[in-house]
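> Can you look at this prediction? I've put the sequence above it.
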Amino acid sequence: MRASEVRAAVVTAIEAITPDAQASGRDVFRHIENAARTGMRAPDRVFFVDVSDLPNRADLLTVDAYKIGLMITVLYSVAPGATEDRVTSDAERISTALINLAAQNADLYAADIMPIDMTETDNAIEARTFADVTYRLTGVI
């Protein structure tokens, strides 16, 4: 598995999550590649995954174990109501999905998840989670 495949697996795992409360059938997690950053106006649960730490050898007994740091940012519209409840429920679901990711893929050893923060701008809430994913590097000569 290569770093780009790890990132794609994380995106797929998040897009497969069914949120606790949905405003409609279209209220799902949607990945956007290279989304505009701070202050982006977007529907709830639009997210992007950025590489925050480049791949590097992991401290495991095997020489093909690598680790990559990924920053997951989920956007929410600022609106009256239970926005914080949606954000916290989604954070639990994202953490669980990423922790269970290794059980679904033989080339993923583990994912250490750390929710970072939740910031609010004039028109959006950004919820960030850091994932440190250890994987088996393959396909490199």
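Right, received. Where do you want to start? What you are looking at is a predicted structure, and each value in this text was computed from that prediction instead of being measured. Numbering: from 1, shown residues only.
> mind listing what's buried in the longest helix seen in the chain?
Here the longest helix in the chain is taken by residue count, with DSSP state H as the criterion, and it is helix 83-99. When burial is assessed from 16 or more other CB atoms under 10 Å, helix 83-99 yields the following buried residues: 83, 86-87, 90-91, 93-95, 97-98. Glycine gets a C-beta too; all of them are placed from N, C-alpha and C.
> ditto for stretch 9-21
Of the residues in stretch 9-21, those buried under the neighbour-count criterion (16+ other CB under 10 Å) are 9-11, 13-14.
> mind listing the helices for the chain?
Chain-ordered helices for the chain, with DSSP H as the definition, fall at 3-15, 83-99, 101-104.
> Report the separation between residue 89 and residue 56.
If you measure residue 89 against residue 56 using CB to CB, to the nearest Å, the figure is 33 Å.
> one step back: can you redo the buried residues of stretch 9-21 as CSV with pLDDT and distance to residue 62?
Supplementary listing: these in CSV, determined by pLDDT from 0 to 100; distance: CB to CB, whole Å:
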residue, pLDDT, distance to residue 62
9, 96, 19
10, 96, 22
11, 95, 26
13, 95, 23
14, 95, 27
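> Just want the angle from the longest helix of the chain to helix 3-15.
Following axes from the mean of the first three to the mean of the last three CA atoms, to 10 degrees, one obtains 130 degrees for the angle between helix 83-99 and helix 3-15.
> Packing partners of helix 83-99?
Using 3 or more CB pairs under 8 Å, 6 or more residues apart in numbering; DSSP states H and E as the contact test, the elements touching helix 83-99 are helix 3-15, strand 65-77, strand 108-120, strand 124-136.
> Convert the second one to CSV, retaining C-alpha atoms only.
As requested, C-alpha coordinates have been extracted for strand 65-77 and formatted as CSV (Å, rounded to 0.1, in the frame of the first residue of the first chain):
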residue,chain,number,x,y,z
ALA,A,65,6.0,-0.4,8.3
TYR,A,66,5.5,3.3,7.5
LYS,A,67,3.5,6.0,9.2
ILE,A,68,1.7,9.0,7.6
GLY,A,69,-0.1,11.9,9.4
LEU,A,70,-3.4,13.0,8.0
MET,A,71,-5.5,16.1,9.0
ILE,A,72,-9.2,15.6,8.4
THR,A,73,-11.3,18.8,8.4
VAL,A,74,-15.1,18.6,8.3
LEU,A,75,-17.1,21.8,7.5
TYR,A,76,-20.5,22.7,9.0
SER,A,77,-22.7,25.6,8.3
